[in-house]
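Student: heads up, no residue letters with this:
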């Protein structure tokens, strides 16, 4: 999908960035929280890009065998570049806005700590709920593998799920009981909601880099029809749900409207 903002970009970069994602779903730009994070940054930074879904790229050129990854002639010598942290850092070096520039040093530290909490811990709690529980058969497999040939879906699904379960065990979350994982997730949702309080964005009335991560992770927990108690922690928090809806409208109104049209 081609995306070109109708207003003057903030940067002088005019070449289209190739953004490789998994797939759009339910009015959100990707089923991966990291894909949502990166595309949210691109739109806020007004960087023109073309999004390419998994069915077209199949991660053949992904340098880390993960999504998202990007490619543009002036980045990484023109070779594909993976990992949202390094992609966004490279774009800032090329003139894209650093949304943390307005933060104080102590605020930057808080922003960085919460990003690490969300990406290295909360992400795995949600992933466990989606891949290691009955939610996998009910929702995860039908959504994640809907574009695969039907005859191959069970084979691909088993293979990917086995890898996800191994990753959960290596990371550590997969070694806990359900009650322990719920406790970990509850503490993190409470911390994030407390940080947000009544502010428009996580650190104040302006976007910062934490917002792209938070929006990505919260949409990963709430955008799709999973019903696990870990995901309900977010859905029951009005502050966080209003925050997700607000950023979705601000950055992805076109996807929201397209989804609404499909429902008619």
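Tutor: Looks like it came in fine. Predicted model, so just to flag it, every value in this text is computed and none were measured.

Student: ok, the residue lying closest to residue 53 once chain neighbours are set aside to residue 131 distance?
Tutor: Nearest residue to residue 53 in three dimensions, chain neighbours excluded: residue 23, at 5.0 Å (Cβ to Cβ, 6 or more residues apart in numbering). C-betas here are computed from N, CA, C, even on glycine. Per Cβ to Cβ, to the nearest Å, residue 23 is found 17 Å from residue 131.

Student: the more surrounded of those two?
Tutor: Between residue 23 and residue 131, residue 131 has the larger neighbour count (other Cβ atoms under 10 Å), namely 21 against 18.

Student: please name the residues that touch the more buried one.
Tutor: 140, 161, 164-165, 168 (Cβ atoms under 8 Å, 6 or more residues apart in numbering).

Student: which residues in the chain form helices?
Tutor: Secondary structure of the chain, counting by DSSP state H: helices at 33-44, 54-57, 84-93, 105-117, 123-131, 135, 141-144, 153-171, 178-196, 209-222, 229-235, 238-263.

Student: in CSV: the ones you listed, plus distance to residue 74.
Tutor: Converted to CSV, the helices of the chain look like this (distance: least, Cβ to Cβ, whole Å):
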stretch, distance to residue 74
helix 33-44, 15
helix 54-57, 20
helix 84-93, 9
helix 105-117, 26
helix 123-131, 30
helix 135, 42
helix 141-144, 33
helix 153-171, 33
helix 178-196, 35
helix 209-222, 22
helix 229-235, 38
helix 238-263, 24
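
Student: could you dump those helices to JSON lines with mean pLDDT and distance to residue 18?
Tutor: Converted to JSON lines, the helices of the chain look like this (pLDDT from 0 to 100; distance: least, Cβ to Cβ, whole Å):
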{"stretch": "helix 33-44", "mean pLDDT": "96", "distance to residue 18": "11"}
{"stretch": "helix 54-57", "mean pLDDT": "80", "distance to residue 18": "9"}
{"stretch": "helix 84-93", "mean pLDDT": "96", "distance to residue 18": "12"}
{"stretch": "helix 105-117", "mean pLDDT": "97", "distance to residue 18": "25"}
{"stretch": "helix 123-131", "mean pLDDT": "95", "distance to residue 18": "25"}
{"stretch": "helix 135", "mean pLDDT": "91", "distance to residue 18": "32"}
{"stretch": "helix 141-144", "mean pLDDT": "87", "distance to residue 18": "22"}
{"stretch": "helix 153-171", "mean pLDDT": "94", "distance to residue 18": "24"}
{"stretch": "helix 178-196", "mean pLDDT": "97", "distance to residue 18": "32"}
{"stretch": "helix 209-222", "mean pLDDT": "95", "distance to residue 18": "19"}
{"stretch": "helix 229-235", "mean pLDDT": "92", "distance to residue 18": "32"}
{"stretch": "helix 238-263", "mean pLDDT": "91", "distance to residue 18": "19"}
